[in-house]
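Q: Just the structure for this:
(2 chains)
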Amino acid sequence: MIRLMGKKKDFLRKIVEEDLRSGKYSQVVTRFPPEPNGYPHIGHAKSISLNFGVARDYGGRCNLRMDDTNPETEEARYVEAIEDAVRWLGFDWGERTLYTSDYFQRLYDYAVELIKMGKAYVDSLSEEEIREYRGTVTEPGRRSIYAERSVEENLDLFERMRKGEFAEGEHVLRARIDMAAANMKMRDPLLYRIRHAPHFRTGNAWHIYPMYDFAHCLSDYIEGVTHSFCTLEFENNREIYDWILDTLGVPPPRPHQYEFARLNINYTVLSKRKLIELVKEGYVSGWDDPRMPTIAGYRRRGYTPESILTFCEQIGVAKANSVVDVAQLEACIRDDLNPKVPRVMCVLDPLKVTILNYEGSEEIDASYYPHDVPREGTRKLPFSSEIYIEREDFSEHPPKGYYRLTPDQPVRLKHAYIIRCQEVVKDEEGRVVEIKAIYYPDSRSGSDTSGIKVKSAIQWVDARRARKVEVRLYDRLFGVENPQGPEDLNPDSLRIVKEALIEPAAIEEKPDERFQFERLGYFYTDPVDYRDEAPVFNRIVTLKDSWAKKRQKASPKPAKSEAKPSKSAPKEPRSVEMSPEEQARFERYGKESGLREELASTLARDERLSRFFEAALETYEGATTIANLVANEVARELKREEELTFAPAQIAALARLIDEETISGKIAKEVFEAMSQSGEDPEKIVEERGLRQISDPAEILPVIEKVLEQNPDNLRKYREGNERLFGFFVGQVLKATGGRANPRIVNELVNRELKKS
RNA sequence: UGGGGUAUCGCCAAGUGGUAAGGCAACUGGUUUUGGUCCAGUCAUUCGGGGGUUCGAGUCCCUCUACCCCAUCCA
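A: Modelled structure (predicted):
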């Protein structure tokens, strides 16, 4: 049932796994909850992959829920687009699509309950006033006068809001939480607002609609969702999520929200607003324009669901805001297609080649797949004295390192013969219009006895039998890494070649929908515009082109050397002044206890730490050890818990154990841990667990020998000069003794043993 | 400025006190009838900076810095 044993897991899967292991939930339930107000994009694919992937990996289920709480922006066609996308990616969401609007009545009932508890009220402030009353990040807000309405009045008003008795904006329902909360989201958040617009599913049944913060947590709860994954910008909303479920006191199990970083890709925009602009302003042909980062766009471009999913897995799930390189996506589709699709020959910019010494015609058998793709399938390649090659594959004055056809350099026609240039025919303007060549009859592919060595094999098509096709060469939509809007569009994102020539089998046999056009890239039969009599191919992605790269390096572009603003000079850190009391403590710690400045200041600056330290000093005078324990271990505990389970005297006792070398510093941490768990005295813990330090070399030496024996590889590496491994050996010895060996002695002995040989 | 987050290679990203994973990109070299693929190899003495604790710190403590989110009747 659990498929990820031992594999690398993201932090969310770890949480799920732990919750399942601990029995917090018996089955994991996730959900993908888009708002149907636009086409889903690859950022949604990340969320789909996460939510459905977690459900699949842990034997749970994942719901598809339309978060349709805003009637003004949502449409049924977007629901279909979302369903299509999820289905295309290969996921199944059970019986039916769910809708937040299915729960409107139950949500309403929950709201009434809150009102009855005195935890929600109808506010009649204007929108502007509400904003004003909310305060700012630094100043607390103040509560509306309407917050004092009676439960009865609130109930009455809320019911009439529902019936549509009021104008939009006249009233809202708010939670009564805390207008001074540091988290702005908690300053009496709005729960319901009045909207008279018809909803695409519920029509005019409702005149009030729940806000995200109210609807989401409860919808999750209603559906039995256990893990509610959302993006980072909702971190501040989690507190409301919990408040609503806690205040309502819903019976367990209840869902919990976790946040992860949304996807960003360079040269790409993924904000819904900007995507809508591209479509509405006609910068692209629609939501499914092959340059769009929508799932529909990638799909029409020719990307496979597998490649998108692989991408989502590769980029991982974490909490750091990041921008993924679009090259990573491109690598995924190449990688997916390379071992799968047939190769055919297509010429985008034809240059005629007449083979002077060839007569008649023939058909050459050629495999659709290269030697390294273990697939069956061949086609016939018509060949005659008139063919076309790619204009780029001939050069009269070739640059250094050019492998293709030149006046002096023969080339192989892929699957066919080697040819040599005999004459270059030009028009009045000096443009090359034709090559007259000769072929070597004994150089035919597969039975080449000519002994001629060529540097490359190029694609070609037979002049008479080739088919004319339209090829759409797509490139990235934006020309800059971090595009802001239409001004950053790449003017060359689409180049249409109306009269490309392709070998006939690609059209007549149509062995697949996706092809590799030999040496050009991967292409897809456009699902919308392709006709048998007028084929249209979309370029999915180019092949990697190390020749182009090499040439680019040889003739570097006019360097756009912007002064790199990165890593600007570090700002002068401003240090916080100590208050007079802190200053006094600081000086006393230095003078009376002999603490070093760092330590003294750490303690002195913290009220609780200094009190603790001073109390501990009363039982034992080892100031430095105590201070270290307080500044490190106690400080950590204080960060975690308000109340400490141990007393200053116990820390003093622990310090004494360290100073007397009864235990090592390492064991001290273990003892401290135990102490903060149980509150027991350190001496007792040491005795009960047998933690006394081992300092006798006679006892340690055998352990060292064993460790060295068990790690011959590392021993060799160490002796070859990898001195970092010293720490490794010390660690192994310490581990073998349960951490009880005296580290100082272990270090000495390991060092000695390692030097021996 | 208050609160909530985040910082590990050019880009993602593992790592939870004991040898700094992996992918993409890049760079060598080999194979190749695709300048593709594949194969072999290189690519972090260092984890945002500075201090501290420890035999040992990316991991614990202190402190500073940078970036993201929050003051929609959007989600």
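
Q: What's the end-to-end length of stretch A:449-462?
A: Stretch A:449-462 has an end-to-end distance of 24 Å (C-alpha to C-alpha, to the nearest Å).

Q: Just the C-alpha atoms of stretch A:591-611, please, in PDB.
A: The C-alpha coordinates for stretch A:591-611 follow below in PDB (Å, rounded to 0.1, in the frame of the first residue of the first chain):
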ATOM      1  CA  LYS A 591      34.000  40.500  35.800                       C
ATOM      2  CA  GLU A 592      32.600  38.100  38.400                       C
ATOM      3  CA  SER A 593      32.200  34.900  36.400                       C
ATOM      4  CA  GLY A 594      34.900  35.400  33.900                       C
ATOM      5  CA  LEU A 595      32.600  34.800  30.900                       C
ATOM      6  CA  ARG A 596      33.800  35.700  27.500                       C
ATOM      7  CA  GLU A 597      32.100  38.600  25.800                       C
ATOM      8  CA  GLU A 598      30.000  36.600  23.400                       C
ATOM      9  CA  LEU A 599      28.600  34.300  26.100                       C
ATOM     10  CA  ALA A 600      28.100  37.100  28.600                       C
ATOM     11  CA  SER A 601      26.200  39.200  26.000                       C
ATOM     12  CA  THR A 602      24.000  36.300  24.900                       C
ATOM     13  CA  LEU A 603      22.900  35.700  28.500                       C
ATOM     14  CA  ALA A 604      22.700  39.400  29.500                       C
ATOM     15  CA  ARG A 605      20.500  40.300  26.600                       C
ATOM     16  CA  ASP A 606      17.900  37.700  27.600                       C
ATOM     17  CA  GLU A 607      15.900  38.200  30.700                       C
ATOM     18  CA  ARG A 608      14.900  34.600  31.200                       C
ATOM     19  CA  LEU A 609      18.300  33.200  30.400                       C
ATOM     20  CA  SER A 610      20.100  35.500  32.800                       C
ATOM     21  CA  ARG A 611      17.700  34.700  35.600                       C
END
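
Q: Angles on the backbone of the spatially closest residue to residue A:317 that is not a sequence neighbour, please.
A: In this structure, residue A:317 finds its nearest non-sequential neighbour in residue A:10, 4.0 Å apart by C-beta to C-beta, 6 or more residues apart in numbering. For glycine as for every other residue, the C-beta is placed from the backbone atoms N, C-alpha and C. Residue A:10 adopts backbone torsions of phi -80, psi 170, taken as degrees, to the nearest 10.

Q: Please tell me I have it right and residue A:10 contacts residue A:319.
A: No. If you go by C-beta atoms under 8 Å, residue A:10 and residue A:319 don't touch, sitting 10.0 Å apart.

Q: the more surrounded of those two?
A: When neighbours are counted by other C-beta atoms under 10 Å, residue A:10 and residue A:319 differ, and residue A:10 comes out ahead with 18 against 14.

Q: any idea how far that one lies from RNA strand B?
A: From residue A:10 across to RNA strand B, the span is 5 Å (C-beta to the nearest atom of the strand, to the nearest Å).

Q: returning to what we had before: which ones are touching the residue nearest to residue A:317?
A: Going by C-beta atoms under 8 Å, 6 or more residues apart in numbering, residue A:10 touches A:260, A:316, A:317, A:318.

Q: Got a quick ChimeraX command for the buried subset of those?
A: Applying 16 or more other C-beta atoms under 10 Å to the contacts of residue A:10 leaves a buried subset, and the ChimeraX line that selects it is:
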select /A:260,317
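
Q: Please narrow the contacts of residue A:10 to those residing in strands.
A: Among the contacts of residue A:10, the residues falling in strands (DSSP state E) are residue A:260.

Q: Would you check which pair of the contacts of residue A:10 lies furthest apart?
A: Comparing all pairs in these by C-beta to C-beta, the longest separation belongs to A:260 and A:316, at 9.5 Å.

Q: Need the residues touching each of residue A:10 and residue A:319.
A: Here residue A:10 and residue A:319 have residue A:260 as joint contacts, going by C-beta under 8 Å, 6+ apart.

Q: for the residue of the stretch 401-550 of chain A found nearest RNA strand B, what are its contacts?
A: Residue nearest to RNA strand B within the stretch 401-550 of chain A: residue A:445 (2.2 Å; C-beta to the nearest atom of the strand). Shown in contact with residue A:445 (C-beta under 8 Å, 6+ apart): A:364, A:366, A:412, A:414, A:415, A:416, A:417.

Q: Checking my notes, it in a helix, right?
A: No. Counting by DSSP: H, G, I helix; E, B strand; the rest coil, residue A:445 falls outside a helix, being coil.

Q: ok, now which ones touch the closest residue to residue A:167 other than its chain neighbours?
A: Excluding the flanking residues, the one nearest residue A:167 by C-beta to C-beta, 6+ apart is residue A:194, at 7.2 Å. For residue A:194, the contact set (C-beta under 8 Å, 6+ apart) comprises A:161, A:164, A:166, A:167, A:168, A:169, A:170, A:171, A:172, A:207, A:208.
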